[in-house]
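Visitor: Attaching a predicted model along with its sequence, questions to come.
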Amino acid sequence: MIPVYKDLKDALSKYKEVDTIVNFASSRSAYQATLDMLDFSQIKHITIIAEGVPERHTRHLIRKSKETKTIILGPSTVGGIKPGAFRIGNTGGMLDNIVSSKLHRPGSVGFVSKSGGLSNELANIISRCTNGVIEGMAIGGDRHPVTTFMDNVIRYQRDPRCKILVVLGEVGGVLEYEVAEAVKKGIITKPVIAWYNECIY
């Protein structure tokens, strides 16, 4: 009942309106599969679910995403959710959790997390304390995610429907400092709630 294609070119030639792909390939083939996807200009968003993609491959994907102006979420992500619009990956969990966390309709809080599991808990906390989530993204738990905290926070800053920004970091990164500097410089003017762990390198 669901069409299956052996070749990406055949699939995209049939579905010319498709601009988003979720890459479920394993860590051994996720890198090459993503490079293949980047050859098609109609693709604007790619989500890489696989954990364990080598850092050198991720660094190359960071460069390629900038060259092609393609947004890549991950690697090692559960995806993202825009309530009332779309869900990529398994963000939000099962249907009962989506409903109880108000993820079926938009609120006014934008969040970005490194942790996939904790992003679901974050959505639950936000739903209990506010009118809900306008958008939530898990950028991936690897040290060098292709899309950073700032990439998402800047989008939330520009969206007039987003009133509060929430950032959840993990041990082993410095991406949180970019957000802190943006707040100090006045680039981010909306209220920010952030959890992060300081590490010394």
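Guide: Now that the structure is in, tell me what you want to look at. Residues are numbered from 1 along each chain as shown.
Visitor: Show me how the record splits this structure into domains.
Guide: With domains defined by the TED database, the chain comprises 1-75, 77-200.
Visitor: what about the longest one, distance to the chain center?
Guide: When distances are taken as Cα atoms, centre = their mean, to the nearest Å, domain 77-200 is centred 8 Å away from the chain's centroid.
Visitor: go on, stretch 4-21?
Guide: 22 Å.
Visitor: which residues are contacting it?
Guide: Contact with stretch 4-21 is made by P3, D36, M37, F40, Q42, I43, K44, H45, I46, T47, I88, as judged by Cβ atoms under 8 Å, 6 or more residues apart in numbering. Every residue, glycine included, has its C-beta placed from N, CA and C.
Visitor: so which of the domains of the chain is the most packed in?
Guide: domain 77-200 (a mean of 18; mean count of other Cβ atoms under 10 Å).
Visitor: all helices for the protein, in order.
Guide: Remark: helices assigned in the chain by DSSP state H are 8-14, 30-38, 55-68, 95-100, 116-129, 149-158, 175-184.
Visitor: just checking, what packs against the third one?
Guide: In other words, helix 55-68. helix 30-38, strand 71-73 (3 or more Cβ pairs under 8 Å, 6 or more residues apart in numbering; DSSP states H and E).
Visitor: Pull the residues that contact that helix.
Guide: With Cβ under 8 Å, 6+ apart, helix 55-68 has contacts from 31, 34-35, 38, 41, 48, 70-72, 75, 142-147.
Visitor: can you check stretch 32-39 too?
Guide: Contacts with stretch 32-39, where a contact means Cβ under 8 Å, 6+ apart, come from 8, 21, 23, 25, 43, 46, 48, 61, 64-65, 68, 70, 72.
Visitor: same thing but at 6 Å, please
Guide: Stretch 32-39 has contacts (Cβ atoms under 6 Å, 6 or more residues apart in numbering) with I21, N23, A25, I43, I46, L61, K64, T68.
Visitor: Then stretch 164-181?
Guide: Stretch 164-181 is contacted from outside by 109-115, 118, 122, 148-150, 153, 156, 190-197, 199, using Cβ under 6 Å, 6+ apart.
Visitor: What average pLDDT does that stretch get?
Guide: Stretch 164-181 shows a mean pLDDT of 88.
Visitor: can you check stretch 194-201 too?
Guide: Taken as a whole, stretch 194-201 has a mean pLDDT of 59.
Visitor: got it, and stretch 124-136?
Guide: Rounded mean pLDDT across stretch 124-136 is 95.
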